[in-house]
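Asks: What follows is a protein structure lacking sequence information:
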């Protein structure tokens, strides 16, 4: 009898610093795209890109390059979290459209506070997992217990290194190396 606890084609880059994880993720995505891999989804925008758009935080649609702010304007001197749950919810249409295109890999910028609470991109992530579409996200160490519960412990946890990302992607059943 075949074991039922095989990992899903889902992985999380586990980090203490989101910026560091992003700096590993961006070149990984670009390299796969240069190999004609269909990499879709959303990535966290570089802070300087968000600031150029007059926002504190945003995401980039990998299929179009479009920038979407996911931050509320809480004022100049605000120090609270500015994440706009409604904007994240509205951006879920990007992930829904990406799922329909049978990507080689679907990127979801974060499993964070909203997803840990069952909102944000949580529904889309569950749909992606149920379809068996390879998915990669970034998870802060503080959200790791919630991530493990969310995935039923069937996701791979990756160090924030280029080697870890490449090794994981290359072992995916649908992955072919150039």
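Replies: On my side now, so go ahead. Since the structure is predicted, the reported quantities are computational estimates derived from the model, not experimental observations.

Asks: so who does residue 120 touch?
Replies: Contact analysis of residue 120 by Cβ atoms under 8 Å, 6 or more residues apart in numbering lists 85, 88-89, 112-114. Any C-beta I mention is one placed from the backbone N, CA and C, and that applies to glycine too.

Asks: Recalculate using a threshold of 10 Å.
Replies: The contact partners of residue 120, by Cβ atoms under 10 Å, 6 or more residues apart in numbering, come to 70, 83, 85, 88-89, 91-92, 108-114.

Asks: Select only the buried ones of those in PyMOL?
Replies: Burial among the contacts of residue 120 is assessed by 16 or more other Cβ atoms under 10 Å; the matching PyMOL selection reads:
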select buried, resi 70+83+88+89+91+92+108+109+110+111+112+113+114
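
Asks: which of the contacts of residue 120 lies closest to residue 162?
Replies: Residue 162 lies nearest to residue 109 out of the contacts of residue 120, by Cβ to Cβ, at 18.4 Å.

Asks: Tell me if the closest one really is in a strand.
Replies: Yes. Counting by DSSP: H, G, I helix; E, B strand; the rest coil, residue 109 is located in a strand.

Asks: That one: what's its closest spatial neighbour, skipping adjacent residues?
Replies: Leaving aside its chain neighbours, residue 109 sits nearest to residue 44 (4.5 Å; criterion: Cβ to Cβ, 6 or more residues apart in numbering).

Asks: same thing with residue 56?
Replies: Excluding its sequence neighbours, the residue lying closest to residue 56 (Cβ to Cβ, 6+ apart) is residue 71, at 4.2 Å.

Asks: before we move on, what about residue 57?
Replies: Excluding its sequence neighbours, the residue lying closest to residue 57 (Cβ to Cβ, 6+ apart) is residue 71, at 4.1 Å.

Asks: pretty sure the one you found is touching residue 84, no?
Replies: Yes. Here residue 71 lies in contact with residue 84, judged by Cβ atoms under 10 Å, at a distance of 5.8 Å.

Asks: more crowded one of these two?
Replies: Per other Cβ atoms under 10 Å, whichever of residue 71 and residue 84 has more neighbours is residue 84, with 20 against 17.

Asks: how near is that one to residue 161?
Replies: Per Cβ to Cβ, to the nearest Å, residue 84 is found 31 Å from residue 161.

Asks: Helices of the protein, start to end?
Replies: Assigned by DSSP state H, the helices in the chain fall at 18-34, 47-52, 85-99, 113-116, 122-131, 144-151, 162-170.

Asks: If you average pLDDT over each of those, which is lowest?
Replies: The weakest mean pLDDT among the helices of the chain belongs to helix 47-52, with a mean of 79.

Asks: For the closest residue to residue 132 other than its chain neighbours, give me the pLDDT.
Replies: Residue nearest to residue 132 in three dimensions, not counting chain neighbours: residue 9, with 6.3 Å by Cβ to Cβ, 6+ apart. Residue 9 is assigned 95 on the pLDDT scale.
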